[in-house]
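Engineer: need the 3D shape of this:
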Amino acid sequence: MGALWIAHVDVTDADSYGKYAALAGPALAAFGGEFVARGGAYVQLEGNDRPRNVVVKFDSMEQAEACYHSDAYQEALAFAKGASVRDLVIVETLD
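Structural biologist: Below is the predicted model:
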């Protein structure tokens, strides 16, 4: 089964978050992560509004979780912490 990272983000420091984004892309790609949605238009129907929404597709839950815990992604994440308010969940797909 495949997996999706689904992130809802409110960026509070664009410069630091830009450093996160520059490092996160290659870290995700190293684990086969492919962006499906990345900060595009959206309609908030329920819940908390976070103006940046990102969806990344992986081949498996294991790859998605390993990516998150990898040294490369954790290095990127250090720039997002304090520069954003985020929710991130990994969801198994119905392949």
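Engineer: surely Phe35 is in contact with Ala29?
Structural biologist: No. Assessed by Cβ atoms under 8 Å, Phe35 is found out of contact with Ala29, at 9.2 Å. For every residue, glycine as well, the C-beta is placed using N, CA and C.
Engineer: just the CA atoms of the helix or strand containing Leu4, as CSV, please.
Structural biologist: Assigned by DSSP states H and E, Leu4 belongs to strand 3-11. What follows is strand 3-11, C-alpha atoms only, in CSV (Å, rounded to 0.1, in the frame of the first residue of the first chain):
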residue,chain,number,x,y,z
ALA,A,3,1.1,6.4,1.6
LEU,A,4,0.5,10.2,1.6
TRP,A,5,2.1,12.8,3.8
ILE,A,6,-0.6,15.5,4.3
ALA,A,7,0.6,18.7,5.9
HIS,A,8,-1.3,21.8,6.8
VAL,A,9,1.0,24.7,7.5
ASP,A,10,0.9,28.4,8.6
VAL,A,11,4.2,29.9,7.8
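Engineer: and that strand, what does it pack against?
Structural biologist: Using 3 or more Cβ pairs under 8 Å, 6 or more residues apart in numbering; DSSP states H and E, the elements in contact with strand 3-11 are strand 52-58, helix 61-69, strand 84-92.
Engineer: I'd like those as a markdown table, with distance to Leu23, mean pLDDT and mean neighbour count appended.
Structural biologist: Formatted as a markdown table, the helices and strands packed on strand 3-11 follow (distance: least, Cβ to Cβ, whole Å; pLDDT from 0 to 100; neighbours: other Cβ atoms under 10 Å):
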| stretch | distance to Leu23 | mean pLDDT | mean neighbour count |
| --- | --- | --- | --- |
| strand 52-58 | 14 | 97 | 19 |
| helix 61-69 | 13 | 98 | 16 |
| strand 84-92 | 14 | 97 | 14 |
